[in-house]
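Colleague: Sequence and predicted structure, then a few things I'm wondering about:
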Amino acid sequence: DQQVKQNSPSLSVQEGRISILNCDYTNSMFDYFLWYKKYPAEGPTFLISISSIKDKNEDGRFTVFLNKSAKHLSLHIVPSQPGDSAVYFCAASDAGGTSYGKLTFGQGTILTVHP
Amino acid sequence: DGGITQSPKYLFRKEGQNVTLSCEQNLNHDAMYWYRQDPGQGLRLIYYSQIVNDFQKGDIAEGYSVSREKKESFPLTVTSAQKNPTAFYLCATGGVWDDYGYTFGSGTRLTVV
């Protein structure tokens, strides 16, 4: 049972445009969400997070939106740059629950930003 | 300089052999995790440990074993029982209560030859 889903395996955008990566989850107990970025042959690195008490969190070019009723979150990158080309993973956890901090990851979306 | 180190970066295994992947951290975290990455499958949890001398199976533990004798170390053994071991293996430490969730190692690429 895939509790965190990234239904788009890949996304291609032009440099300077907006990139929107989507993530859906099924576990209503999830209350903390994170996005990670991964380059080939490297470990993922943290990008941005959001708690369920918020519906938006912004950090420079990166904004994460959370729609709890739809169990959906999205990552917006504006403007997109070629260096943003990587695999993006969505992750979720029930921070106050029984997962003890364990994260559940989506399948990842490969973002390609063309110059 | 705190961090998490995985070794080796590349590993080749013959059919029927066991191999052990190393993961060491000096972040003083209690929790450590092993994930496997396959194309199109995302990150799948193999084993995790919340505290020394204790560990739990993840979603795909069959064919793998771990130990947690020290807080700093969480080695993963890929046994001959693992049917399809060729993959990219990632070790992580931390948890959702940390600002960044997990800190990942740089990974080990295991190839069966």
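Modeller: The structure has been received and is ready for your questions.

Colleague: For stretch B:54-68, C-alpha coordinates in PDB please.
Modeller: Output of stretch B:54-68 as PDB, limited to C-alpha atoms (Å, rounded to 0.1, in the frame of the first residue of the first chain):
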ATOM      1  CA  ASP B  54      17.400  -2.800  18.800                       C
ATOM      2  CA  PHE B  55      16.200  -2.800  15.100                       C
ATOM      3  CA  GLN B  56      13.000  -3.300  13.200                       C
ATOM      4  CA  LYS B  57      12.200  -4.700   9.800                       C
ATOM      5  CA  GLY B  58      11.000  -2.300   7.100                       C
ATOM      6  CA  ASP B  59       9.000  -3.000   4.100                       C
ATOM      7  CA  ILE B  60      11.500  -5.100   2.200                       C
ATOM      8  CA  ALA B  61      13.700  -6.800   4.800                       C
ATOM      9  CA  GLU B  62      13.800 -10.200   3.200                       C
ATOM     10  CA  GLY B  63      17.400 -11.200   2.200                       C
ATOM     11  CA  TYR B  64      19.000  -8.500   4.400                       C
ATOM     12  CA  SER B  65      20.300  -8.400   8.000                       C
ATOM     13  CA  VAL B  66      21.600  -5.600  10.200                       C
ATOM     14  CA  SER B  67      23.200  -5.000  13.600                       C
ATOM     15  CA  ARG B  68      23.300  -2.000  15.900                       C
END
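
Colleague: ok, residues contacting it?
Modeller: B:32-34, B:36, B:44-53, B:74-79, B:81-83, B:85 (Cβ atoms under 8 Å, 6 or more residues apart in numbering or on different chains). No exception for glycine: its C-beta is placed from N, CA and C like everyone else's.

Colleague: so which of those are also by chain A?
Modeller: Among the contacts of stretch B:54-68, the residues lying close to chain A (Cβ under 8 Å from any Cβ of the partner chain) are B:Y33, B:L45, B:Y48, B:Q50.

Colleague: just the strands in chain A please.
Modeller: Listed in chain order, the strands of chain A (DSSP state E) span A:4-5, A:10-14, A:19-25, A:32-38, A:45-51, A:56-59, A:62-67, A:72-77, A:86-93, A:104-105, A:109-114.

Colleague: Would you check how far apart B:Q17 and chain A are?
Modeller: Distance from B:Q17 to chain A, counting by Cβ to the nearest Cβ, to the nearest Å: 23 Å.

Colleague: contacting residues for that residue?
Modeller: By Cβ under 8 Å, 6+ apart, the neighbours of B:Q17 are B:S80.

Colleague: again, only using 6 Å
Modeller: B:Q17 makes no contacts at all, as judged by Cβ atoms under 6 Å, 6 or more residues apart in numbering or on different chains.

Colleague: give me the element B:K83 is part of.
Modeller: Counting by DSSP states H and E, B:K83 is held by no secondary-structure element, helix or strand.

Colleague: pLDDT score for it?
Modeller: Note for B:K83: predicted pLDDT of 87.

Colleague: which one is it nearest to, not counting chain neighbours?
Modeller: With sequence-adjacent residues excluded and distances taken as Cβ to Cβ, 6 or more residues apart in numbering or on different chains, B:K83 is closest to B:G63, at 6.6 Å.
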